[in-house]
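**Student:** sharing a model prediction with you, sequence too.
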Amino acid sequence: MSTPVPEQHIVQILSAEYVAHNVRRFKLSKPAGYSFEPGQATEISINKDGWLNERRPFTFTSLDEWDHLEFTIKIYTDHDGVTNQLGEIMPGEELILHDIFGTITYKGEGVFIAGGAGLTPFIAILRRLQKDGKLGHNLLLFSNRTSQDIILKNELQVMLGRNFINTLTQETDPLYDHGKIDAEYIKTKVRDLDQYFYICGPDPMVESLRAILTSLGVKKEKIVFEEF
């Protein structure tokens with residue numbers, strides 16, 4: 001039996017702009033017939049010598065019907081890694097997209113809990129729901145270090161209104177909550193625990209929240225997260 005050939009597409013950067021002090025939004029050309037679901041991701045490498053085999057996973061923040069692809073990527077400049085390079089790359093240069101994957105998909109109304117760049121799979125899901133007129137009572141709890149780290153704050157505020165709740169861990173600001181998303185915080189914000197909970201963020205945060213939600217009585221099948 002032959003081994004399937006991994007999917008690979010070379011795409012061009014059409015534009016790149018910062019949407020937060022350390023988050024850059026990329027608009028890319030879209031290959032013909034390319035398709036994905038909100039919440040899914042792909043591995044990306046940079047099409048230049050020395051970086052071809054350095055793949056990193058990033059989530060689509062565009063919708064499938066758009067005529068271009070969009071990725072919203074946090075840039076880390078503390079070492080010369082892929083995102084540092086993505087912070088310097090310019091329109092006209094090329095990236096390589098690999099296989100599409102992802103287990104975070106919308107299953108029904110519930111609570112989205114994101115930490116930092118963990119917001120990205122929820123961006124496309126919420127945009128899809130908004131376009132379809134199905135945002136309903138979905139709630140987003142978004143944890144960041146400081147107010148400057150909040151990604152797409154204005155868009156999410158317009159989209160979700162009071163159901164967009166921010167908490168900061170390293171800054172006190174009267175406009176936002178302060179502290180981590182723990183059991184007590186969830187109990188103050190969520191009354192109905194018999195709904196879906198979507199989690200994405202740093203691995204320790206995801207593992208902690210899975211345990212917390214289970215301890216609060218949330219059914220395991222109602223907890224949606226990225227499974228590798």
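**Tutor:** Arrived safely.
**Student:** run the chain-centre distance for stretch 134-151.
**Tutor:** 11 Å (CA atoms, centre = their mean, to the nearest Å).
**Student:** now do stretch 61-69
**Tutor:** In terms of CA atoms, centre = their mean, the gap separating the centre of stretch 61-69 from the centre of its chain is 15 Å.
**Student:** how long is it end to end?
**Tutor:** One end of stretch 61-69 to the other measures 8 Å (CA to CA, to the nearest Å).
**Student:** pLDDT on it, on average?
**Tutor:** Stretch 61-69 comes out with an average pLDDT of 98.
**Student:** for this structure, what are the low-confidence residue spans?
**Tutor:** Counting by pLDDT under 70, the low-confidence segments of the chain come to 1-6, 228.
**Student:** how about the helices in this structure?
**Tutor:** With DSSP state H as the criterion, the chain has helices at 82-86, 120-131, 153-160, 183-189, 203-215.
**Student:** tell me which of these sits nearest to Gln170.
**Tutor:** helix 203-215 (14.5 Å; CB to CB). C-beta here means a position set from N, CA and C on the backbone, and glycine is covered the same way.
**Student:** now that closest one: buried residues?
**Tutor:** Buried positions in helix 203-215, judged by neighbour count with 16 or more other CB atoms under 10 Å: Met205, Val206, Ser208, Leu209, Arg210, Ile212, Leu213.
**Student:** next one: stretch 139-147
**Tutor:** So for stretch 139-147, counting by 16+ other CB under 10 Å, buried means Leu139, Leu140, Leu141, Phe142, Ser143, Asn144.
**Student:** contact partners for the fourth one?
**Tutor:** In this case it means Phe142. Ala114, Gly115, Leu119, Ile150, Leu156, Phe164, Ile165, Asn166, Thr167 (CB atoms under 8 Å, 6 or more residues apart in numbering).
**Student:** of the residues you listed, grab the buried ones for PyMOL.
**Tutor:** Selection of buried members from the contacts of Phe142 for PyMOL, criterion 16+ other CB under 10 Å:
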select buried, resi 114+115+119+150+156+164+165+166+167
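**Student:** quickly name whichever of the contacts of Phe142 is closest to Asp173.
**Tutor:** Asn166 (8.9 Å).
**Student:** quick one, what contacts the residue nearest to the closest one when sequence neighbours are not counted?
**Tutor:** Spatially, and ignoring its direct neighbours in sequence, Asn166 is nearest to Tyr176 (4.6 Å; CB to CB, 6 or more residues apart in numbering). Residues counted as contacts of Tyr176 (CB under 8 Å, 6+ apart) are Ser147, Asn166, Thr167, Leu168.
**Student:** in the chain, which residue is closest to the centre?
**Tutor:** Centrality entry for the chain: nearest residue to the mean C-alpha point is Thr120, 1.4 Å, by CA atoms, centre = their mean.
**Student:** so what strands line up beside the longest strand belonging to the chain?
**Tutor:** If you go by DSSP state E, the chain has its longest strand at strand 9-20. The strands beside strand 9-20 in its sheet (DSSP bridges) come out as strand 23-29 (antiparallel), strand 94-101 (antiparallel).
**Student:** deepest-packed of those, please.
**Tutor:** strand 23-29 (a mean of 20; mean count of other CB atoms under 10 Å).
**Student:** so that strand versus helix 120-131, what angle?
**Tutor:** 70 degrees (axes from the mean of the first three to the mean of the last three CA atoms, to 10 degrees).
**Student:** contacting residues around strand 23-29?
**Tutor:** With CB under 8 Å, 6+ apart as the test, strand 23-29 has contacts from 11-19, 61, 68-75, 86-87, 95, 117, 151.
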